[in-house]
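Asks: coordinates for the following, if possible.
(chains A and B)
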Amino acid sequence: NAGVTQTPKFRILKIGQSMTLQCTQDMNHNYMYWYRQDPGMGLKLIYYSVGAGITDKGEVPNGYNVSRSTTEDFPLRLELAAPSQTSVYFCASTETTYEQYFGPGTRLTVT
Amino acid sequence: GQNIDQPTEMTATEGAIVQINCTYQTSGFNGLFWYQQHAGEAPTFLSYNVLDGLEEKGRFSSFLSRSKGYSYLLLKELQMKDSASYLCASGAGSYQLTFGKGTKLSVIP
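Replies: Next comes the predicted model:
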C-alpha cells in the first residue's frame, strides 16, 4: 500500500498561472480532504469529498476547484494563482473515522 | 463555528513529562483529536477522546473535559524524537477536522 500520494512535491508558479495538484489514495477510502498550511498556522480545510462525484467547500475554498470522478483520485485545481496561495498543500483520506491519513504534501510558491 | 487554542511553543527536557493544553469552543462536537507533525512532514494521528476522561497509549495520554471545553496531551519519558508540532483538532460532520495552530515542542538534552 502506497497510502496517499501527492504530486508534485514542489512547484513554483508565476502570478496568473494555473495548475493541478494531484492526490491519489489506494486504501479505497470514500472521504478525502484538501488542506493548506501556512507557516506557524494550523491546517485549513479547502475542499472535501464524501465519495466519487460528491464534493463540498471547506473553510477556505476561494481560488480553488476540485473534482472527484473516481474513489482514488481527488485533484485540486488552482486557477489564476496569487501570492496568497503560497503554502504547503496536504491531501488526506479516511474511511468512517477521524484518523485521517495524509499525503507528503506539495510545497507551492507563487511569485 | 470552531475556535481552538493551544500554546505556540513549549520546551521540555529529555526524560521529563510535558503537558500540552488545548481549549476549544465548537458547535457540534464529535470528539477531540491529537496529531503529531515533524518539521517538513505530514501530520500523523496520535490519539482521540470522544468521552470525558483519560486515554492512554504507551508514552502518550490524552484527556478530555467536554463541560470545560478542555483537553491535554501528556507525553512521558520524553525523547529527542518527540520534538515536533502537536496539533489539536475537533471533529465535525463528514469526519472533518478543524485544527488549532499547533504547539511546537522542543526537547532539549
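Asks: what sits against the spatially most central residue of chain A?
Replies: Nearest to the mean C-alpha position of chain A, by CA atoms, centre = their mean, lies residue A:34 at 3.3 Å. Contact partners of residue A:34, counting by CB atoms under 8 Å, 6 or more residues apart in numbering or on different chains, are A:21, A:23, A:45-48, A:58, A:64, A:66, A:74, A:76, A:89-91. C-betas here are computed from N, CA, C, even on glycine.
Asks: what about residue B:89, neighbour count?
Replies: 27 (other CB atoms under 10 Å in any protein chain shown).
Asks: okay, and the beta partners of residue B:64?
Replies: Beta bridges link residue B:64 to residue B:53, residue B:71 when assigned by DSSP bridges.
Asks: so who does it touch?
Replies: Going by CB under 8 Å, 6+ apart, residue B:64 touches B:32, B:49, B:50, B:51, B:52, B:53, B:70, B:71.
Asks: who wins for most neighbours among those residues?
Replies: residue B:32 (28 neighbours).
Asks: okay, buried residues for stretch B:58-75 please.
Replies: B:60, B:61, B:62, B:63, B:64, B:69, B:71, B:72, B:73, B:74, B:75 (16 or more other CB atoms under 10 Å in any protein chain shown).
Asks: ugh, typo on my part, it should be stretch A:28-44
Replies: A:29, A:30, A:31, A:32, A:33, A:34, A:35, A:36, A:37, A:42, A:43, A:44.
Asks: look up phi and psi at residue A:27.
Replies: For residue A:27, the backbone dihedrals are phi -100, psi 10 (criterion: degrees, to the nearest 10).
Asks: so it sits against residue A:71, correct?
Replies: No - using CB atoms under 8 Å, residue A:27 is not in contact with residue A:71; the gap is 9.6 Å.
Asks: looking at the two, which is more packed in?
Replies: residue A:71 (18 against 14).
Asks: any idea how far the more buried one is from residue B:41?
Replies: As judged by CB to CB, to the nearest Å, residue A:71 and residue B:41 stand 26 Å apart.
Asks: you'd agree residue A:16 is in a strand?
Replies: No - counting by DSSP: H, G, I helix; E, B strand; the rest coil, residue A:16 falls outside a strand, being coil.
Asks: what's near enough to touch it?
Replies: Contacts of residue A:16 by CB under 8 Å, 6+ apart are A:80, A:81.
Asks: try residue A:26
Replies: So residue A:26 contacts A:1, A:2, A:3, A:72 (CB under 8 Å, 6+ apart).
Asks: of the residues you listed, which is the most crowded?
Replies: Highest count within those by other CB under 10 Å belongs to residue A:72, 17 neighbours.
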